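Visitor: Make a model of this:
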Amino acid sequence: MMTVANRRRSDRRVKEVAVVVERRSGLDRRLIVESATAQIHAVLELLTELADHDALRDDSRRLLDTAMLRLRYALERMELE
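Guide: Next up, the predicted model:
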């Protein structure tokens, strides 16, 4: 009979498992970055439309402007790579 104490003392074996690692080619990485930049451009367009409407309070507009600025900065950094 195995009790909690016996189970803790038992020798637990670690089984090694081989993992296949896929390396992405330079083209794959560029396509991913291009896809991400296209998505960020689309998000910026939507946020710009939202900012152009007068439905936002001043504090919400400032938060939105800050978010858009950060997205533009990230986009510029991605395009440089």
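Visitor: Look at the closest residue to residue 79 other than its chain neighbours and say how many residues are nearby.
Guide: If you skip the residues right next to it in sequence, residue 79 has residue 37 as its closest partner in space, 6.1 Å away by C-beta to C-beta, 6 or more residues apart in numbering. (Each C-beta comes from the backbone N, C-alpha and C, glycine too.) Counted with other C-beta atoms under 10 Å, the burial measure for residue 37 works out to 15 neighbours.
Visitor: Quick test: name the residue nearest the centre of the protein.
Guide: residue 36 (9.8 Å; C-alpha atoms, centre = their mean).
Visitor: Tell me who's in contact with the residue nearest to it when sequence neighbours are not counted.
Guide: Leaving out its chain neighbours, the residue that sits closest to residue 36 by C-beta to C-beta, 6+ apart is residue 78, at 6.4 Å. By C-beta atoms under 8 Å, 6 or more residues apart in numbering, the contact set of residue 78 is 33, 36-37, 40.
Visitor: can you do 10 Å?
Guide: Applying C-beta atoms under 10 Å, 6 or more residues apart in numbering, we find residue 78 in contact with 33-34, 36-37, 40.
Visitor: on that earlier part again, starting at the chain centroid, how far to the strand or helix carrying the residue nearest to the centre of the chain?
Guide: For residue 36, the host element (DSSP states H and E) is helix 26-52. Helix 26-52 has its C-alpha centroid displaced from the chain centroid by 13 Å (C-alpha atoms, centre = their mean, to the nearest Å).
Visitor: how about it: buried residues?
Guide: 40, 51 (16 or more other C-beta atoms under 10 Å).
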